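Participant: build me a structure from this.
(2 chains)
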Protein chains: 2
Amino acid sequence: MTFHTFPEEKLRSFTERVFLTMGCPADHASLAADVLLKSDLRGIDSHGVARLTGYVRLWEKKRINAQPEIKVVHETATTATVDGDGGLGLVVAPFAMKLAMEKAATYGSGWVAVKNSNHFGIAGYHALLAVEQDMIGISMTNASPLVAPTYSSERLLGTNPMCYAFPAGKYPPVIVDMATSAAANGKLEIAQRANESIPEGWVQDKNGQSSTDPNALKHGGSLLPLGSDKDHGSHKGYGLGATVDILSAVLSGANYGPWVPPFVAFLDPPTDPVGEGIGHFFGAMRVDGFRPAEDFKNHLDNWIERFKSSGTIDPEKKVVIPGEPEHAAEIDRKKNGIPLVDAVVKDLNELAMKLGIEGF
Amino acid sequence: MTFHTFPEEKLRSFTERVFLTMGCPADHASLAADVLLKSDLRGIDSHGVARLTGYVRLWEKKRINAQPEIKVVHETATTATVDGDGGLGLVVAPFAMKLAMEKAATYGSGWVAVKNSNHFGIAGYHALLAVEQDMIGISMTNASPLVAPTYSSERLLGTNPMCYAFPAGKYPPVIVDMATSAAANGKLEIAQRANESIPEGWVQDKNGQSSTDPNALKHGGSLLPLGSDKDHGSHKGYGLGATVDILSAVLSGANYGPWVPPFVAFLDPPTDPVGEGIGHFFGAMRVDGFRPAEDFKNHLDNWIERFKSSGTIDPEKKVVIPGEPEHAAEIDRKKNGIPLVDAVVKDLNELAMKLGIEGF
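Facilitator: Model prediction:
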């Protein structure tokens, strides 16, 4: 695999041009680009500019509204439901998170469910907005069905990520940002390219049999929930994926379970929707709603130091604080640029040509 | 293994007598008994009256305060921190959950962190209090360190359960109530009694090596996080356990990580505490803070029906809705009584003799 490395600003301005060409207002284009770039900066390559063509294809199919009128459709002092009007999740999600944060600023906490949205990038982007204001940030989303619940032979849940983010003192924030499946699709793609088998416990084939074939998902199989099998707690991963689905979609009025519209434009959404678009859920809680923020941060620093200094099972390995590797990647890539694989560069240049804009 | 079956009321009145003998006020004794009985009724035998002697031993060591003055020590409109004054978690936790529900009734949501508490029974009891009022209930607690984070050779986290509970319409509530470890200690005990080996992925030995010995934990090993190993997502189980620890204890001012005092009275708490007692975290959100409760329940019923009717990988198996087996157990055991194993009956009768109260 060959990589080309680009300065952040080059990718950012290209990404903005793409969104502007789709007809997004300038502030939306800039925000959507910021969400994608944050993913690339943090080393989560699967959710950054590599997905840009995916968003464009959905827009071409009129499944993304470039000029959404994002509205609050239901509200109490600390809760709300937002209708994303079919807009980019990259724009709808920060709107909803900021609403949660405004409520938290006044009342201590704020919670916002979102319907009629699309893929929102990395969950961590939105939760981090809260952390910057000394709040605990929570974000989650449902997604196209790829995961089979324990004992199921059907894809009924997405990889449904959940993220909890906490502000620390002298250390980077603790950010738990995780899919609720055992492995992400991206890991299967790596094995496919390398023509290698995958560990048992990641997927089952279309008959529900355990499989080590990285192509099993493509051929009608399913991803498995975190825990992999019943003996190892797959009912817990299924329960977490269900929690994300219910909070994001049953609560907001979005599509849930197998009715969630697919991210890929070549698959049509179900013709019998149970809601509108895909759903998200966001929360913000002021740390000083519970104890002085400095006390919390000092103790979280102590927590981090204790876990980082843990004895390990292998002298080559360290206990990793959630969010720390992504923080390190962000510092590195801001300075040294963002590496993209050949295939992504080619894809983006083709996109530029199609849209009649400058490539790179 | 021999079981004796007792009517709910017999166990309830015995349990109340024990708490009264400890010096608990009548309303506390009745509430604490209700929490333990709910666990037995719901088939979670490990967390019911089988733990009664454990609570008494902690009280004998003056590690449980039978007459706590439970206080709110920090508060905003929708957040609070409660000091449990070293009381029974069985009493402190419902106090905190009810405070969260009062805040939710007024403002849409309520969130309460708790310090200076003890073991609170099953997480589901507390979350269900919210569900009865058409709220979404969330409850979690940290616990004695038994789990090694990914790559760690040390026990730094408890089995730290989290629970999310949702009211349905014609079906029982959906209740995701799960430890964040791959397997619970109770499963090891079953294998110990049967003298059987356990699956790989539940524990590591004291050197951090994977083990199938059900006694590995007793001999200085650790439980593994949900996901079992890095390849299968153990960093996610570790991240979830960390989330519970931070919300329950770093936020409230309780002990966290390896400083959490052990539940067993024969182990002394750490001599360098970083907080007070163990910590919990509770949340309540009014469903109608997001959409009309009937709409939510109708869609959750539809969700349940779709998942229950899923195709399965084995004609003998069904897709289980989280909380459904416990609901079925409760109906059965209310009618037919609660089975206790010989060893538990013997243990409770010895306790009765020691306390000078009527056994059964």
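Participant: next, the contact list for A:T106, please.
Facilitator: Shown in contact with A:T106 (C-beta atoms under 8 Å, 6 or more residues apart in numbering or on different chains): A:77, B:77. Where C-beta positions appear, they are placed from N, C-alpha and C, glycine not excepted.
Participant: would you say it is within a helix?
Facilitator: Yes - assessed by DSSP: H, G, I helix; E, B strand; the rest coil, A:T106 belongs to a helix.
Participant: read off the pLDDT value for it.
Facilitator: A:T106 carries a pLDDT score of 98 in this model.
Participant: and if you look at A:T81?
Facilitator: Residue-level confidence at A:T81 comes out at 99, pLDDT.
Participant: next: A:G359.
Facilitator: Confidence for A:G359, expressed as pLDDT, is 88.
Participant: quick check: closest non-adjacent residue to it.
Facilitator: The shortest distance from A:G359 to any non-neighbouring residue, by C-beta to C-beta, 6 or more residues apart in numbering or on different chains, is to A:A352 (3.4 Å).
Participant: which SSE is that neighbour in?
Facilitator: Here A:A352 sits within helix A:342-355, counting by DSSP states H and E.
Participant: dump that helix to CSV, restricted to CA.
Facilitator: This file holds the C-alpha atoms of helix A:342-355, laid out as CSV (Å, rounded to 0.1, in the frame of the first residue of the first chain):
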residue,chain,number,x,y,z
ASP,A,342,-3.3,5.6,-3.1
ALA,A,343,-6.9,4.4,-3.7
VAL,A,344,-8.4,7.2,-1.7
VAL,A,345,-6.3,9.9,-3.5
LYS,A,346,-7.4,8.4,-6.9
ASP,A,347,-11.0,8.3,-5.7
LEU,A,348,-10.9,12.0,-4.6
ASN,A,349,-9.3,13.2,-7.8
GLU,A,350,-12.0,11.4,-9.8
LEU,A,351,-14.6,13.1,-7.6
ALA,A,352,-12.9,16.5,-8.3
MET,A,353,-13.0,15.8,-12.0
LYS,A,354,-16.7,14.8,-11.9
LEU,A,355,-17.7,17.9,-9.9
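Participant: check which residues of it are buried.
Facilitator: Using 16 or more other C-beta atoms under 10 Å in any protein chain shown as the test for burial, helix A:342-355 gives A:344-345, A:347-348, A:351-352.
Participant: can you list the residues of the stretch 1-150 of chain A near chain B?
Facilitator: Residues of the stretch 1-150 of chain A lying near chain B by C-beta under 8 Å from any C-beta of the partner chain: A:74, A:76-81, A:106-109, A:111, A:113, A:136, A:148-150.
Participant: follow-up on the earlier one: surely the residue nearest to A:G359 meets A:T15?
Facilitator: No - using C-beta atoms under 8 Å, A:A352 is not in contact with A:T15, being 11.0 Å away.
Participant: phi, psi of the nearest residue to A:P262 once chain neighbours are set aside?
Facilitator: Distance criterion C-beta to C-beta, 6+ apart; nearest residue to A:P262, sequence neighbours excluded, is A:S144 at 4.3 Å. The phi and psi values for A:S144, taken as degrees, to the nearest 10, are phi -50, psi 140.
Participant: now A:G110
Facilitator: According to degrees, to the nearest 10, A:G110 has phi -150, psi 140.
Participant: burial measure for it, as a count.
Facilitator: Look at A:G110: counted by other C-beta atoms under 10 Å in any protein chain shown, it has 31 neighbours.
Participant: for the residue nearest to it when sequence neighbours are not counted, what are its contacts?
Facilitator: In this structure, A:G110 finds its nearest non-sequential neighbour in A:K103, 2.8 Å apart by C-beta to C-beta, 6+ apart. Going by C-beta under 8 Å, 6+ apart, A:K103 touches A:77-80, A:109-112, A:284.
Participant: tell me the contacts of the residue nearest the centre of chain A?
Facilitator: Central residue of chain A (C-alpha atoms, centre = their mean): A:I122, 3.0 Å from the mean position. Contact partners of A:I122, counting by C-beta under 8 Å, 6+ apart, are A:35, A:38-39, A:42, A:44, A:47, A:177.
Participant: what about it, distance to chain B?
Facilitator: Distance, A:I122 to chain B, by C-beta to the nearest C-beta, to the nearest Å: 15 Å.
Participant: likewise A:M1?
Facilitator: If you go by C-beta to the nearest C-beta, the gap between A:M1 and chain B works out to 21 Å.
Participant: right, and A:N336 touches A:F3 too?
Facilitator: No - using C-beta under 8 Å as the test, A:N336 is too far from A:F3 to be in contact (11.8 Å).
Participant: residues contacting the lowest-mean-pLDDT helix or strand in chain A, please?
Facilitator: Ranked by mean pLDDT, DSSP states H and E, the weakest helix or strand in chain A is helix A:185-194, scoring a mean of 84. Helix A:185-194 is contacted from outside by A:1, A:46, A:146, A:159, A:197-198, A:202-203, A:214-215, A:217, A:223, using C-beta under 8 Å, 6+ apart.
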